[in-house]
Every structure is written in structure tokens, then in C-alpha cells.
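> dropping the sequence and predicted coords here.
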Amino acid sequence: MPKNHISQIYNGLNEKLFGTTPDNQAVLSYTLTNKNGMECTIINYGATIMAIKVPTTNGGKTDVVLGFDTLEDYIHSFDLPSAPYLGTVVGRYAGRINKASFSLNGKKIQLTKNHHSHQIHGGLDGFSRKFWEVTDIHTDTNPSITLEYTSAANEENFPGELNVKVTYTLTENNELKVIFLAKSTEDTILNLTQHSYFNLDGHAKDITNQKLTINAKNILETTKELIPTGKYTELKNHDFDFSSPKNCPTAIDNTFVLEGKEAATLYSEKTRIKMTVLTNQPGVHIYVGGNCFGQIKGKENADYHPTSAICFETQNFPDAPNHPHFPNSILRKDEEYLHQTTFKFENL
């Protein structure tokens, strides 16, 4: 597809140069648009979702995810005291791995450490900071884009060469479907997620008055360092019981054990946008944040703060390789990993 291709008024795709990496790779932005005028913009740095613009009942559009205006800001965000991973694909392993180590096939594997003595979100230079190749684009009904990255054997000390594809599809029903496919040349562990931060009032607002439901009866018990102990905490009479709609919490960083395919819903009474999260994963890690520590401005000069937005990290459980009773996180040689998550938007 030529540079500066202009999308059609209806279904299509707009491609343009977004920036250049320090090693001179051109990063492009791709905006998918469906027949309803809903838009999703993706860049091939980190396979990152930059914007999701949802039509509202008053005829406008609301950008419901956090992001940055420049490639440099995405790159520099990883130098912050706690990198926000705004909109990125996280891998090879989303969440924390205790002591950055695990055993596989009787062999102890020591990963890189990037979170005190632990590993989080794939290590020092994970998938969120990689250049992804665009390998497929569909611009008609249900426009989609597929991005691909091949992780070399022993990258961050993970076994096997791993090929990963992520496809973003914007359906005519205002759903953003995210599908991950992966294969490894050796037995390895894998836990991918999409790390977008949502605010249905708009990315520059506050999340705390939006109504949250989560389809879970338990969360993972964790240590003070947020490492799973292997036990579960029942949510009955718990502050984090969101079985019926409640205001978003001001602080949360917990993994919910899902009871079904519908993971969670979020609703804004102000914009009347409802988002439903559906997934084939066993858990959703809920995180409220977005603080850029006053060092980096968000899109449109926004000041992101600790209650800017909420993450729905659909995934396997953190530290699953070290807990045999947790869902399997091992990807065997030549088997296919399949992760499906849908973010469905409705106007109520």
C-alpha cells in the first residue's frame, strides 16, 4: 500500500508515517475505519493501539484510550519510573514471574530481571518495544491489520524462536477483535496481552465515576510485591467484588479468575458508551493507572494521572509457570497458541 494512502469515506484504512526509530526504521500509523465511522489507529512500534474513536449519541466521537502524539514519547515512556505500556502488545510473558525464573522440562531457566528481583511484561526489551512488520491488511468490510514479530531463541532468556502474529479487526458492529497466534521452535512459556488503557469519557478525563463489572468470584492472592502466592481470595464481601456495577476503584492491580467468556463491562453515564470485554483467557488483570509522572504529555497535551484510565489485561495468570495448579502456560514445540479478545462498544 503506498505511503500517504487516503482512506475512503467509509470502510478503509489510512496509512501515514508516524516517526523513525533510533535505528532508522520507519514507524507507520494505520487507521481502520468501519461503516459507522468508528476508528482504531495502530502503529507498528509495539503493535500499539494509539486511538479508538467511538461514535457517540450526540453525533461526535470519543477517543477512549490513552496514548501519545509522537513516537519519541512512546519510546521515552519506557524510561519512566514505572513504564505504562500504553496500548502495547505485551510479551513474551504478561505480568510478573517470581524471581524471574521457572522450570521447564526439568531445567531451571533464569530470565532477565526488570522488576526488582522479578520479571514483568517480558523483560528489559519486550514485545512492547519491538518493531512489528505489517503482513496483511483488509480494507473493505470489517477492516483489519495483521502485525508480526519473530522473537529470537533465548531473547530475554526465553527458550525457542517464537513467531507471533496479532490481528486487529474492526467489525461493522463496533467491536475491536484482537487475535494472537504464535508458534515456537522449542517448548517455551507464553502469555500475551493487549495493554490498552480505557476511559469512556475520553482519554483526558477521570475514570472513577464509570461503572465497572467483572465476571469473577475470586482474585489471585499476592505478596506485597504482587507475586501470586498460588492461593485464591474469595470476592464475596470484598472491596473488589464487581459482580454488580460499581464505580471504578481509584487503585487496583489484581488478577481476576474469570467465570466465563464475558470478562468485564465498563459504562459511562456521561457519554453513554458501554464497553464489553470478551475473551478465551482464564484471567483478566485489572489495573487503574496511566501516570506519566509529569514527565511526558499524553495525546492532545493531556496530563495523565493515577486515575486516568483502566486496563483490562486479558491473559493467563501471572507466575503460572511456578504454580502447577494454575492454567497451563507452556507452549509446546510446533503447537499453536491462540488468544482471542474482543472489546465491544455500544451506545445506550
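Sure, I can see it.
> now the protein, which segments are flagged as low pLDDT?
Across the chain, residues meeting the criterion (pLDDT under 70) sit at 1-12.
> and if we set it to 50?
Residues of the chain that meet the criterion pLDDT under 50 lie in 1-11.
> can you map out the helices along it?
Counting by DSSP state H, the chain has helices at residues 71-76.
> residue furthest from the geometric center of it?
Centroid-distance maximum for the chain: G106 at 31.5 Å, with Cα atoms, centre = their mean.
> who's in contact with that one?
Applying Cβ atoms under 8 Å, 6 or more residues apart in numbering to G106 gives no contacts. Every C-beta, even on glycine, is put in place using the N, C-alpha and C of the backbone.
> quick one: end-to-end length of stretch 70-87, please.
End-to-end distance of stretch 70-87: 14 Å, with Cα to Cα, to the nearest Å as the criterion.
> got the buried residues for it?
When neighbours are counted by 16 or more other Cβ atoms under 10 Å, the buried residues of stretch 70-87 are found to be 71, 73-75, 77-78, 83-87.
> what does stretch 232-249 give?
Of all the residues in stretch 232-249, those buried under the rule 16+ other Cβ under 10 Å are 235, 240, 242, 248-249.
> the stretch 101-250 of the chain: strands as residue ranges?
Counting by DSSP state E, counting those that start in this stretch, the segments of the stretch 101-250 of the chain that form strands are 101-104, 107-110, 119-120, 133-138, 144-151, 162-170, 175-184, 188-189, 193-195, 197-198, 211-214, 216-222, 228-234, 246-247.
> out of those, which comes closest to T33?
Proximity of the strands of the stretch 101-250 of the chain to T33 was assessed by Cβ to Cβ; the nearest stretch is strand 162-170, lying at 7.4 Å.
> gap between the closest residue to H285 other than its chain neighbours and N199?
Computed as Cβ to Cβ, 6 or more residues apart in numbering, the closest residue to H285 that is not its neighbour in sequence is E313, at 3.9 Å. The spacing between E313 and N199, counted by Cβ to Cβ, to the nearest Å, is 16 Å.
> swap in T185?
According to Cβ to Cβ, T185 and N199 sit 40 Å apart.
> my read: W132 touches A47, true?
Yes. In this structure, W132 is within contact of A47 by Cβ atoms under 8 Å, at 4.5 Å.
> what residues are shared contacts of the two?
89, 147, 149, 166.
> save those residues as a markdown table, and put in neighbour count too.
Written out in a markdown table, the entries for those read as follows (neighbours: other Cβ atoms under 10 Å):
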| residue | neighbour count |
| --- | --- |
| V89 | 26 |
| L147 | 24 |
| Y149 | 20 |
| V166 | 23 |
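> want to try TSV for these, with distance to Q340 as columns?
Conversion of the shared contacts of W132 and A47 to TSV gives the following (distance: Cβ to Cβ, whole Å):
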residue	distance to Q340
V89	14
L147	16
Y149	19
V166	11
